[in-house]
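Participant: Dropping the sequence and predicted coords here.
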Amino acid sequence: MKIEERHLAQLAAVVDLGSVTRAAEMLGVSQPAISRVLTSLEKRLGEPLFEPGRRPLRPTLLGETLALHGRQILEASRQATEALRSLRSGSSGTVKVGGVPFFMDAYISRMIGTFHVQEPGIRVDQSYGNLPELQKRLLSHQLDFAICPLGVVEAAPEMEFTEILPARNVLACRRGHPLHRRGRISTRDLVDFPWVAPLPGSPLLADLHAILLAVGMNDISVRYSGGSLMSVYNYLEETDALTVLPHSVVFAHRKAHDISVLPVKIPQPARSLGILRAKNAQWTPAAQKLFEHVTHDFRHLSTMIARHENAIVWGN
């Protein structure tokens, strides 16, 4: 014998409330409809579900046993309703965000942390990649949005780009580097020290080649390459090596690491950091909330970075 789930749920409501009328009000159905269900169940089972003549209604052993299963159905329905409400309001769900490694490590992971203070019910899956890979994953709906730089290489026509920070590169080294003690830094000075090369495929690698070309340096001694942001910082702190980094990335870790900006003017890329997303993507409320949180934080951050840049005495 198969008993419909909704009938078990109606029985559980009557048992818990002790009244057909109150159960009908809670479930949003008519009292006669529930009464017909109970009568039909008793006929099919051949036993009463409630003790006769008792008010409020008191279930028999059979009635209580079946009501136990009905409560599970009611609870599952309640949880499903709450999950749907949370999903639509943006207080739950999963957001998938990717981006270039240095910026994800320097800023986005921390922004996700502050985001979770406000929205603890939303899960964020973070991953890494450069522009070609990120665009493929956006178009295949594997990512909600991506954080990456755009400039000379434009996004695909199916993409929408929201600028959040102008690009600005600097030469970085450890605090106390010998070059900081020189009043005027020449091209020869830069050649005399080892270098850290950016990750393969990174826009910074192309920027480094552009810098070398602009200042007339044919070659440099690369001693370390391919590392993560943390490994680059750790290497710089222990050596006299130089590297090119986004100014914003150095600024982000100015207190946590012994890294500083070498005050040398270098060619700047025609590029901006921004949020990339597919034009035809249907965003969830949770993804929209994280997007707004990131853009808000970067607006404040860009002002602070500009102040830091203006405080540096730039040489030639």
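Facilitator: That came through, no problem. Here the structure is a predicted model, which means the values were calculated and not measured.
Participant: tell me the mean pLDDT over the top helix by length along the chain?
Facilitator: Once the chain is assigned using DSSP state H, the helix that runs over the most residues is helix 61-89. Across helix 61-89, the average pLDDT comes to 85.
Participant: for stretch 30-40, same thing?
Facilitator: What stretch 30-40 shows for mean pLDDT is 92.
Participant: Alpha carbons of that stretch, as PDB, please.
Facilitator: Written as PDB, here are the backbone C-alpha positions of stretch 30-40 (Å, rounded to 0.1, in the frame of the first residue of the first chain):
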ATOM      1  CA  SER A  30      -9.500  23.600   3.400                       C
ATOM      2  CA  GLN A  31     -10.700  21.800   6.600                       C
ATOM      3  CA  PRO A  32     -13.000  19.500   4.600                       C
ATOM      4  CA  ALA A  33     -10.100  18.400   2.300                       C
ATOM      5  CA  ILE A  34      -8.000  17.300   5.300                       C
ATOM      6  CA  SER A  35     -11.000  15.500   6.900                       C
ATOM      7  CA  ARG A  36     -11.600  13.600   3.700                       C
ATOM      8  CA  VAL A  37      -7.900  12.600   3.600                       C
ATOM      9  CA  LEU A  38      -8.000  11.300   7.200                       C
ATOM     10  CA  THR A  39     -11.300   9.400   6.600                       C
ATOM     11  CA  SER A  40      -9.900   7.800   3.400                       C
END
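Participant: Centre of the chain to it, how far?
Facilitator: For stretch 30-40, the separation from the chain centroid amounts to 50 Å (computed by Cα atoms, centre = their mean, to the nearest Å).
Participant: likewise stretch 114-133?
Facilitator: 1 Å.
Participant: what are the C-alpha coordinates of it, in CSV please?
Facilitator: Extracted in CSV, the C-alpha atoms of stretch 114-133 (Å, rounded to 0.1, in the frame of the first residue of the first chain):
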residue,chain,number,x,y,z
THR,A,114,35.7,40.4,4.6
PHE,A,115,32.7,39.4,2.3
HIS,A,116,32.1,36.3,4.4
VAL,A,117,31.9,38.4,7.6
GLN,A,118,28.8,39.9,6.1
GLU,A,119,27.6,36.9,4.1
PRO,A,120,28.7,33.7,5.9
GLY,A,121,26.2,31.5,4.0
ILE,A,122,27.7,32.0,0.6
ARG,A,123,30.5,29.7,-0.6
VAL,A,124,33.2,31.1,-2.8
ASP,A,125,35.4,28.8,-5.0
GLN,A,126,38.5,30.7,-6.1
SER,A,127,40.8,29.5,-8.9
TYR,A,128,43.7,30.9,-11.0
GLY,A,129,44.3,31.5,-14.7
ASN,A,130,45.4,34.0,-17.3
LEU,A,131,43.1,35.8,-19.8
PRO,A,132,42.7,33.0,-22.5
GLU,A,133,41.9,30.3,-19.9
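Participant: Let me know the next secondary structure element after the longest helix of the chain.
Facilitator: Using DSSP states H and E, the helix or strand that follows helix 61-89 towards the C-terminus is strand 93-99.
Participant: Around Ile147, count how many other residues there are.
Facilitator: The number of residues packed near Ile147 is 23, by other Cβ atoms under 10 Å. Where you see a C-beta, it was placed from the backbone N, CA and C, and this is true even at glycine.
Participant: Next, the angle strand 93-99 makes with the longest helix of the chain.
Facilitator: Per axes from the mean of the first three to the mean of the last three Cα atoms, to 10 degrees, the angle that helix 61-89 makes with strand 93-99 is 30 degrees.
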